[in-house]
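I need the structure of the sequence given here:
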Amino acid sequence: MLKLKLDENFPESIGDFLRHAGHDVETVLSQTISGVSDRELFEICRKEKRCLITLDMDFADIEWHSRFSPKILVAGYYRKIIIGIYK
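Numbers count the residues shown, from 1 in each chain. Presented below is the predicted three-dimensional model:
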């Protein structure tokens, strides 16, 4: 089981799908924290020990990660293929 947080750019249905697959999923939308800064969201994920799944490419180049940072999956669409970048 993975502890995940879906960013606001994913619909709740993706969270439902991942929960059905047995994962512990929270979403930015369900926690009503839409619009927080990237640093704030990063800190929330660190405290909750969750992997952030986002379409926000700003997370693909965050230099202020420490070795204790949460895992981040940045997903992008290219010809209907999801490409992941793990940090």
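
lowest-pLDDT helix or strand in the protein?
strand 81-86 (a mean of 42; mean pLDDT, DSSP states H and E).

for residue 40, which non-adjacent residue is spatially closest?
Nearest residue to residue 40, sequence neighbours excluded (CB to CB, 6 or more residues apart in numbering): residue 33, at 7.8 Å. Bear in mind the C-beta positions are built from the backbone N, C-alpha and C, glycine included.

ok, which stretches of the protein are helices?
Shown for the chain, the helices assigned by DSSP state H span residues 12-20, 38-48.

dump the ones you listed to JSON lines, plus distance to residue 3 and mean pLDDT.
Compiled in JSON lines, those are given as follows (distance: least, CB to CB, whole Å; pLDDT from 0 to 100):
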{"stretch": "helix 12-20", "distance to residue 3": "11", "mean pLDDT": "90"}
{"stretch": "helix 38-48", "distance to residue 3": "7", "mean pLDDT": "87"}
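
which one of those helices is the most hemmed in?
helix 38-48 (a mean of 16; mean count of other CB atoms under 10 Å).

doesn't residue 3 make contact with residue 49?
Yes. With contact defined as CB atoms under 8 Å, residue 49 counts as touching residue 3 (5.9 Å).

more neighbours: the two, which one.
residue 3 (15 against 9; other CB atoms under 10 Å).

for this structure, which spans come out with low pLDDT?
Scanning the chain for pLDDT under 70 picks out 59-87.

what sits against the closest residue to residue 6 other than its chain neighbours?
Using CB to CB, 6+ apart and skipping the chain neighbours, the partner closest in space to residue 6 is residue 27 (4.4 Å). By CB atoms under 8 Å, 6 or more residues apart in numbering, residue 27 lies in contact with 5-6, 8, 10, 12, 15.

the residue lying closest to residue 10 once chain neighbours are set aside and residue 2, how far apart?
In this structure, residue 10 finds its nearest non-sequential neighbour in residue 53, 6.8 Å apart by CB to CB, 6+ apart. Shown here: residue 53 relative to residue 2, a distance of 10 Å by CB to CB, to the nearest Å.

between the two, which one's more packed in?
Taking other CB under 10 Å, residue 53 and residue 2 do not tie; residue 53 has more neighbours (24 against 13).
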